[in-house]
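A.B. asks: everything below, folded, please.
(one chain, ligands or ions: 1)
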Amino acid sequence: MMSEHKKTIILFNPMPVKHPVAQPNKKTTSLQVPLVNVPLSLLALARMVRERFDVRIINAVVDPDYRELIFDACDHALCLAVSSMTCYQIRDGIDVCKAVKEKYPDLPVLWGGYHPSSEPAQTLESPFIDIVIRGQGEQTFRDVVDRLAENGSPDSISGVSYKDGSRILHNADRKFADINTYPAIPYDMIDVERHVKGYKFGTRCLDYYLSQGCASGCSFCSEPVFCSRRWSGLLPERAVNEMEYLAKTYNIDTFMIRDSDFFLNVKRVKTLCELLIEKDLGSRLTSVNARMEHFSRIDDDIISLCRRAGIHEIFFGFESGLQEALDAMNKVSKVSQIKTCTQKCIKHDIDIRGSFMVGIPGMDVKKEVESNFNEINSLICAYGEKLEHLDVLLSFFTPYPNTQLYQTSIKCGLKPLETLADWGDFDQFDFKAPWFPQEYFDLVREFRAGMPWNSGCDFEEWRRFYDGIIERLEEIG
Ligand code: B12
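C.D. replies: Below is the predicted model of the structure:
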């Protein structure tokens, strides 16, 4: 069927940040947080409806004229579907939907993704949003667009919240699905060249994921709110075939792995690695997420296998050098596991990207800051002159909707965020919690700016800088 006979579905990924913020890593050629990403969320939905609808994928990060593209598609559209995390995407998404609703008041506007899934009722209180799809989107989205195509309402479709006049209704949750039941992510629906980026080990890096969800219950994280600690992984054979296809079709040398809990099933990881070795793709896997309590217990044989299969970099959410903070985050991990993981990675020539945060509500701030500085310094000392093999991200704790630590933050003085727009305008960069004193806040920023990847300093310069910072920390309070 020609596309003009099909109804149009507009899939939109708003800008995640107000201004480009990607900082170059001064020890490698990569950006700290590459903004250009394959819109995996939109492609996951598009694969379910592409046969029957004319699907337009609009990604603000690579389409600077995204507003015009959206308006051009609205005339005969069935719906506008927006994906949003808790960040500036909300503000950009609201602005676009407001403008669209002014011109096309009857065009159904759907929102999905982590933010609307965490706060469905508050999201629907926005006058520019009609339907929220909670959790995994694939099947629910397909059911909703089919219903819209018949001019029906989304009542009884599980996983949906919607407006009926002035009432907001929530249908039952949808069961977490096995991602093997869906077709492959349709990379052919985007211009892949515009999404290929340089990353550390190579020049042609592409985003890919092979599991969804997370089984852990960290109290600061949106993942348990989003998927109720469910997890589903692609069968190893399928994942490896997909990677082989992508590597060959698009000449990809590096896959940036977007899973939240890659090492959850070690037996599966082993099979996957054996298959990757057998295929000999020559591709590297980077940013592979590992939980330190799992990784610190994995046998050396398996880690060596991972390295041979192409795993060159692991991302650890170390989160804190203070045990009380890890406990408050419900991390189920020990500070000592940071060292164990580091030693294992150094032994097997796997780089580390590790993230830490300060500002957890209820902590003794001085102790918290000091422990984090110490732990980061220990990591830097473990790598010495080889700092291009390490990258540390240090941020301030930011409350996310409906998480346990959001509730704790309110008790500790955070003003509740009462509307969708509040979340969109909430400055998550360097969130300054009311319980976090300004002088510590400034010192943490100075420490972060001085870290080798941000300042470009060498190991000796770092040691001098660190001693100076610790002296200043002692003087506070
Ligand atoms: C890639 C990624 C990014 C990319 C951009 C992604 C994008 N959408 O534009 C970048 C690197 C820019 C990014 C940025 C941020 N990210 Co991010 N990111 C991810 C990551 C690793 C993968 C997302 C992904 O593509 N997954 C695969 C797709 C298929 O899954 P999905 O996005 O969940 O989509 C499914 C459902 O959510 C739903 N769905 C999604 N959108 C829509 C839309 C509609 C209409 C429907 C019906 C359904 C639907 O259906 C999809 C299929 O099931 C996730 C963690 C994870 N594993 O998911 C974190 C994650 C989404 N990010 C997160 C956060 C917090 C951020 C930041 C806001 C903060 C930060 N410091 O990281 C920043 C933004 C500001 C900044 N500093 O740049 C949180 C979200 C929490 C929340 N409440 O929003 C996550 C879950 C990580 C975490 N556990 O904390 N991120």
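A.B. asks: determine the longest helix present in this protein.
C.D. replies: helix 365-383 (DSSP state H).
A.B. asks: tell me which strands and helices that one is in contact with?
C.D. replies: Under the contact definition 3 or more Cβ pairs under 8 Å, 6 or more residues apart in numbering; DSSP states H and E, helix 365-383 sits against helix 323-328, helix 336-347, strand 351-358, strand 390-396, helix 438-450, helix 459-475. Every C-beta, even on glycine, is put in place using the N, C-alpha and C of the backbone.
A.B. asks: so what's the gap between whatever helix or strand L45 lives in and the chain middle?
C.D. replies: Per DSSP states H and E, L45 falls inside helix 40-49. Relative to its chain's centre, helix 40-49 lies at 17 Å (Cα atoms, centre = their mean, to the nearest Å).
A.B. asks: swap in stretch 465-474?
C.D. replies: On the basis of Cα atoms, centre = their mean, stretch 465-474 sits 33 Å off its chain's mean C-alpha point.
A.B. asks: nearest to the ligand, of the helices and strands packed on helix 365-383?
C.D. replies: The ligand sits nearest to strand 390-396 of all the helices and strands packed on helix 365-383, at 6.4 Å, using Cβ to the nearest ligand atom.
A.B. asks: what's the following helix or strand after that closest one?
C.D. replies: helix 404-411.
A.B. asks: does that following helix reach the ligand?
C.D. replies: No - Helix 404-411 lies out of reach of the ligand by Cβ under 6 Å from any ligand atom, never closer than 10.0 Å.
A.B. asks: show the average pLDDT along that helix.
C.D. replies: For helix 404-411, the mean pLDDT works out to 98.
A.B. asks: so which residues make contact with that helix?
C.D. replies: 219-220, 328-330, 360-362, 397, 399-400, 414, 416, 433 (Cβ atoms under 8 Å, 6 or more residues apart in numbering).
A.B. asks: just to revisit the earlier point, report the angle between the longest helix of the chain and strand 351-358.
C.D. replies: Using axes from the mean of the first three to the mean of the last three Cα atoms, to 10 degrees, the inter-axis angle of helix 365-383 relative to strand 351-358 is 170 degrees.
A.B. asks: tell me the buried residues in helix 365-383?
C.D. replies: By neighbour count on 16 or more other Cβ atoms under 10 Å, the buried set for helix 365-383 is 365, 368-373, 375-377, 379-380, 382-383.
A.B. asks: D207 pairs with what?
C.D. replies: In this entry, D207 is beta-bridged to M256, by DSSP bridges.
A.B. asks: before we move on, the earlier item: need the winner for burial among the helices and strands packed on helix 365-383.
C.D. replies: Comparing the helices and strands packed on helix 365-383 by mean neighbour count (mean count of other Cβ atoms under 10 Å), strand 351-358 ranks first with a mean of 22.
A.B. asks: now that strand and helix 438-450, what's the angle there?
C.D. replies: Using the same axes, to 10 degrees: strand 351-358 against helix 438-450 is 170 degrees.
A.B. asks: neighbouring strands for strand 351-358, and are they parallel or not?
C.D. replies: Counting by DSSP bridges, strand 351-358 is paired with strand 313-319 (parallel), strand 390-396 (parallel).
A.B. asks: JSON lines please, covering the ones you listed and showing mean pLDDT.
C.D. replies: Putting these into JSON lines (pLDDT from 0 to 100) gives the following:
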{"stretch": "strand 313-319", "mean pLDDT": "98"}
{"stretch": "strand 390-396", "mean pLDDT": "95"}
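A.B. asks: turn the helices and strands packed on helix 365-383 into a markdown table, columns for distance to the ligand.
C.D. replies: Formatted as a markdown table, the helices and strands packed on helix 365-383 follow (distance: least, Cβ to the nearest ligand atom, whole Å):
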| stretch | distance to the ligand |
| --- | --- |
| helix 323-328 | 16 |
| helix 336-347 | 19 |
| strand 351-358 | 9 |
| strand 390-396 | 6 |
| helix 438-450 | 14 |
| helix 459-475 | 23 |
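A.B. asks: tell me which of those sits nearest to T140.
C.D. replies: strand 351-358 (31.1 Å; Cβ to Cβ).
A.B. asks: what's the neighbour count on W231?
C.D. replies: Close neighbours of W231, defined as other Cβ atoms under 10 Å, add up to 19.
A.B. asks: quick check: bridge partners of it?
C.D. replies: With DSSP bridges as the rule, W231 is bridged to G213.
A.B. asks: quick check, it in contact with F262.
C.D. replies: No - look at W231 against F262 with Cβ atoms under 8 Å: they stay out of range, at 10.4 Å.
A.B. asks: quick revisit: can you put the helices and strands packed on helix 365-383 in JSON lines and add distance to M292?
C.D. replies: Output for those, formatted as JSON lines (distance: least, Cβ to Cβ, whole Å):
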{"stretch": "helix 323-328", "distance to M292": "9"}
{"stretch": "helix 336-347", "distance to M292": "4"}
{"stretch": "strand 351-358", "distance to M292": "9"}
{"stretch": "strand 390-396", "distance to M292": "14"}
{"stretch": "helix 438-450", "distance to M292": "21"}
{"stretch": "helix 459-475", "distance to M292": "23"}
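A.B. asks: to S287, which of those lies closest?
C.D. replies: strand 351-358 (6.3 Å).
A.B. asks: stretch 168-188 close to the ligand?
C.D. replies: No - contact of stretch 168-188 with the ligand (Cβ under 6 Å from any ligand atom) is absent, the minimum separation being 7.6 Å.
A.B. asks: and that stretch, how far apart are its ends?
C.D. replies: Stretch 168-188 stretches 37 Å from its first residue to its last (Cα to Cα, to the nearest Å).
A.B. asks: so which helix or strand of the protein has the lowest pLDDT on average?
C.D. replies: Counting by mean pLDDT, DSSP states H and E, the chain has its least confident helix or strand at strand 197-199, which shows a mean of 90.
A.B. asks: rewinding a little: list residues touching both of W231 and F262?
C.D. replies: S211.
A.B. asks: would you check that S355 makes contact with F318?
C.D. replies: Yes - using Cβ under 8 Å, S355 makes contact with F318 at a distance of 6.5 Å.
A.B. asks: and the chain, which of its residues are near the ligand?
C.D. replies: Checking the chain against the ligand by Cβ under 6 Å from any ligand atom, the hits are 13, 16-17, 33, 35, 37, 40-41, 44-45, 81-83, 85-87, 110-115, 118, 133, 136-138, 141, 209, 221-223, 258-260, 400.
A.B. asks: what number of residues lie near G384?
C.D. replies: 11.
A.B. asks: try F263
C.D. replies: Residues lying near F263 (other Cβ under 10 Å) number 20.
A.B. asks: so it sits in a strand?
C.D. replies: No - using DSSP: H, G, I helix; E, B strand; the rest coil, the secondary structure at F263 is coil, not a strand.
A.B. asks: wait, what's in contact with the residue in the stretch 301-450 of the chain positioned nearest to the ligand?
C.D. replies: Per Cβ to the nearest ligand atom, Y400 is where the stretch 301-450 of the chain lies closest to the ligand, at 4.4 Å. Residues in contact with Y400 (Cβ under 8 Å, 6+ apart) are 86, 118, 220-222, 225, 406.
A.B. asks: mind checking which of the helices and strands packed on helix 365-383 is nearest A421?
C.D. replies: Across the helices and strands packed on helix 365-383, A421 has its closest neighbour in strand 390-396 (22.1 Å, Cβ to Cβ).
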